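In: Requesting a structural model of the entry that follows:
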Amino acid sequence: QYVSTDENVRKASKEYQEKLTKKVIDISFDKGLYKAFLDYDVTKEKISPSEYRLWKDMKTSFEDQGFHLPKAKQEELKSIKKRLSILGISFSKNIEEYHDQILCSLDELKGLPDSYIANLKTDKKTKKYIVTLAYPESGPFMKFAESDSKRQELADKISQKGGKANIKILKEMLVLRKKQAELLGFKSYVDFEAKDLIAKDSSTIKSFLIPTIEKLKKGVDKEYIALQKHVGQKLSYFNAGFYANKMQHDLYSYDPNIVKEYFELWHVINKMFEIFGTLFSVSFKENKQLPKWHPDAKFFDVIEKGNVVAHIGFDLYPRKNKFSHMACWPLMPGKSKGFRGKDYLAPVSVIVGNFPIGTKENPSLLSVRELETMFHEFGHAMHGALGRASLCSQSGTSVTFDFVETPSQLFENWIRQKKNLKLVSRHWKTGKKIEDNLLDKVIKSLDFMKASQEYHTFILSLQDFEMHTDKYGVDPLVLSLTFEKKYR
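Out: Numbers count the residues shown, from 1 in each chain. This next block holds a predicted model:
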């Protein structure tokens, strides 16, 4: 569904996912299963800590299915959960299969490196260059293209990704989520989701978001004034990134497109294998026997003490109808073979991404931010590869949700260290390591406009929070415009 080039396969996958999700919901509402759970006395048998956690998780899950509710209310809850699952699948599909582009003359590509232009396709009718919404094309365009009108055209199209259909879906999902929470006795959907987290409730989350945003806003205002003063131009949604890039270049005196030439994708991955291999006493070897869904995909065995303990796949280039962001998915979680078995089933994870497509003349080159992303997702993969949880429901990233990003956040920060950044570097033409003076500039620039970087994330979090609490009945587009005026 997320990686196949075959429309029939994607369609069948979506239909099967919908059927499977409904079936899983039916099972979770099975009264016989619930009665069997109640009949089990956890105090009468010696069980492992992981088994006790499974019992607690099942108890919470049954509570979330509303077995304490009257029959009619529980049936309503079941219907809501099924509908939400279908809406969620459709919402994602609408994003992945939303396609648009802009056409540019060579002059309108001024400011972009030759390597970028060389990898663009051309329109057969107009002979102009095609810039799609895929990040490897849209991201650099918004940062480097000098044409204001073309940046605005592309930004407007990016903001419409998913189309009007997803606005309609979102409205329905918000209503259903609130109803689901209320049936289970919660004031809002945020309170329902937070009950098993460290925060516990919506008030705690809000007391963290608002003060943090207020503190960040002071830094954002300073950065905005400094940027506007530096470039002498009025800032807007389609030129702020462009001018920020110019200011960064002026302050730190380096060209990020030159820096990218030191970080060819597969050289970086091989060096990443060395770093993780040294730290965790494992090695990586390509496995060409495992089945693949596309020629771009590659699988590697993770080897520990001569034994294959995991498999990690990579599918890293954009293509039509493919998942359009970065993610690491556990295709098959690790677990003990059999009930309390000693043998272990090796997990399979796949990193799906959208890095620039390379050629022999212009290989796939990564920015430092993309390096961070690669290490982040590989952190998730290694979390799955090195775990030895006996139960698949607790394997790899299936941990307490507050912790799920901790390993990957740790690993992505490695790339901010000069030693590691230099280790993974090699100029794709000369073979030389990145020079120390250039590397120092890059590392210093990583915190450029740091407040603005974090502020954006917190504003989106607050918008999500308000949609699911006090402002759930407000049109999402109206709320978005309100946030634009209040917080931008």
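
In: So for the helix or strand hosting residue 375, what gets flagged as buried?
Out: Assigned by DSSP states H and E, residue 375 falls within helix 368-386. If you call a residue buried by 16 or more other CB atoms under 10 Å, then helix 368-386 has these buried ones: 368, 370-386. C-beta: built from backbone N, CA, C; applies to glycine.

In: With stretch 437-456 instead?
Out: 438, 439, 442, 445, 449, 451, 452, 454, 455.

In: Send me that stretch as PDB with only the CA atoms.
Out: Below are the C-alpha coordinates for stretch 437-456, written out as PDB (Å, rounded to 0.1, in the frame of the first residue of the first chain):
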ATOM      1  CA  ASN A 437      37.300  24.700   9.000                       C
ATOM      2  CA  LEU A 438      34.200  23.900   6.900                       C
ATOM      3  CA  LEU A 439      33.000  21.300   9.400                       C
ATOM      4  CA  ASP A 440      33.300  23.800  12.300                       C
ATOM      5  CA  LYS A 441      31.100  26.200  10.300                       C
ATOM      6  CA  VAL A 442      28.500  23.500   9.600                       C
ATOM      7  CA  ILE A 443      28.300  22.500  13.300                       C
ATOM      8  CA  LYS A 444      27.900  26.100  14.500                       C
ATOM      9  CA  SER A 445      25.100  26.700  12.000                       C
ATOM     10  CA  LEU A 446      23.000  23.800  13.200                       C
ATOM     11  CA  ASP A 447      21.500  26.000  15.900                       C
ATOM     12  CA  PHE A 448      20.800  28.900  13.500                       C
ATOM     13  CA  MET A 449      17.200  30.100  14.100                       C
ATOM     14  CA  LYS A 450      16.800  27.400  16.700                       C
ATOM     15  CA  ALA A 451      13.900  29.000  18.400                       C
ATOM     16  CA  SER A 452      12.000  29.200  15.100                       C
ATOM     17  CA  GLN A 453      12.700  25.500  14.400                       C
ATOM     18  CA  GLU A 454      11.200  24.400  17.700                       C
ATOM     19  CA  TYR A 455       8.400  27.000  17.700                       C
ATOM     20  CA  HIS A 456       6.900  25.500  14.500                       C
END
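
In: Relative to the whole chain's centre, how far out is it?
Out: 21 Å (CA atoms, centre = their mean, to the nearest Å).

In: Other residues contacting that stretch?
Out: The contact list for stretch 437-456, computed with CB atoms under 8 Å, 6 or more residues apart in numbering, reads 213, 216-220, 222-224, 227, 244, 248, 251-254, 258-259, 368, 416, 418, 421-422, 425, 434.

In: of those, buried ones?
Out: For the contacts of stretch 437-456, buried by 16+ other CB under 10 Å: 213, 216-217, 220, 223-224, 227, 244, 248, 252, 254, 259, 368, 416, 421, 425, 434.

In: Burial check on the residue lying closest to residue 319 once chain neighbours are set aside, number of neighbours?
Out: Distances taken as CB to CB, 6 or more residues apart in numbering put residue 5 closest to residue 319, at 6.6 Å, once the chain neighbours are dropped. Using other CB atoms under 10 Å, residue 5 has 12 other residues around it.

In: Report the beta-bridge partner residues of residue 104.
Out: When bridges are called by DSSP bridges, residue 104 pairs up with residue 129.

In: Count the neighbours of the nearest residue to residue 84 once chain neighbours are set aside for me.
Out: Leaving out its chain neighbours, the residue that sits closest to residue 84 by CB to CB, 6+ apart is residue 176, at 5.4 Å. Residues within reach of residue 176, counting by other CB under 10 Å, total 17.

In: After the longest helix anywhere in the chain, which helix or strand is next?
Out: Looking across the chain with DSSP state H, the single longest helix is helix 202-231. The helix or strand immediately downstream of helix 202-231 is helix 240-252, counting by DSSP H and E.

In: Quick one: mean pLDDT for that following helix?
Out: Helix 240-252 shows an average pLDDT of 94 in the prediction.

In: can you list contacts of the helix or strand following it?
Out: Going down the chain from helix 240-252, the next helix or strand is helix 256-260, by DSSP H and E. With CB under 8 Å, 6+ apart as the test, helix 256-260 has contacts from 113, 115-116, 144, 245, 248-249, 365-368, 434, 438, 442.

In: List just the nearest of these to residue 150.
Out: residue 144 (11.4 Å; CB to CB).

In: show me where this protein has strands.
Out: Under the criterion DSSP state E, strands of the chain are mapped to 101-104, 129-132, 283-286, 298-304, 307-315, 327-332, 335-336, 344-345, 348-352.

In: Using TSV, lay out those together with mean neighbour count, distance to residue 411 and mean pLDDT.
Out: Rendered in TSV, the data for the strands of the chain read as follows (neighbours: other CB atoms under 10 Å; distance: least, CB to CB, whole Å; pLDDT from 0 to 100):
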stretch	mean neighbour count	distance to residue 411	mean pLDDT
strand 101-104	20	35	97
strand 129-132	20	30	96
strand 283-286	14	15	97
strand 298-304	19	15	97
strand 307-315	20	14	96
strand 327-332	16	11	92
strand 335-336	19	24	90
strand 344-345	16	23	90
strand 348-352	22	13	96
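
In: Mind putting those into a markdown table with distance to residue 194?
Out: As requested, the strands of the chain are exported to a markdown table (distance: least, CB to CB, whole Å):
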| stretch | distance to residue 194 |
| --- | --- |
| strand 101-104 | 40 |
| strand 129-132 | 38 |
| strand 283-286 | 38 |
| strand 298-304 | 35 |
| strand 307-315 | 32 |
| strand 327-332 | 24 |
| strand 335-336 | 29 |
| strand 344-345 | 33 |
| strand 348-352 | 28 |
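
In: which one of the ones you listed lies closest to residue 163?
Out: Checked against CB to CB, the stretch from the strands of the chain lying closest is strand 101-104, at 14.9 Å.

In: so what secondary structure elements neighbour the closest one?
Out: Helices and strands touching strand 101-104, by 3 or more CB pairs under 8 Å, 6 or more residues apart in numbering; DSSP states H and E, are strand 129-132, helix 148-158.

In: Could you rerun that using 10 Å?
Out: strand 129-132, helix 135-144, helix 148-158 (3 or more CB pairs under 10 Å, 6 or more residues apart in numbering; DSSP states H and E).

In: So for residue 73, which of the ones you listed sits nearest?
Out: helix 148-158 (42.0 Å).

In: what packs against that closest one?
Out: Using 3+ CB pairs under 10 Å, 6+ apart, helix 148-158 is in contact with strand 101-104, strand 129-132, helix 135-144, helix 240-252.

In: quick one: the last one to chain centroid distance?
Out: If I follow you right, that is helix 240-252. 26 Å.

In: helices and strands around it, which ones?
Out: Against helix 240-252 (3+ CB pairs under 10 Å, 6+ apart) you get helix 135-144, helix 148-158, helix 202-231, helix 256-260, helix 436-445.

In: what about those helices, which gets the closest to residue 274?
Out: Counting by CB to CB, residue 274 lies closest to helix 436-445 out of these; the figure is 18.5 Å.

In: can you give me how far the closest one is from the chain middle?
Out: 27 Å.

In: Relative to residue 320, how far out is residue 196?
Out: Counting by CB to CB, to the nearest Å, the gap from residue 196 to residue 320 is 39 Å.

In: er, residue 362 actually
Out: Using CB to CB, residue 362 is found at 21 Å from residue 320.

In: The two - which one has more neighbours?
Out: Neighbours per residue, other CB under 10 Å: of residue 362 and residue 320, the larger number sits with residue 362, 17 against 11.

In: So for residue 177, what's the nearest residue that isn't a sequence neighbour?
Out: Leaving out its chain neighbours, the residue that sits closest to residue 177 by CB to CB, 6+ apart is residue 189, at 4.1 Å.
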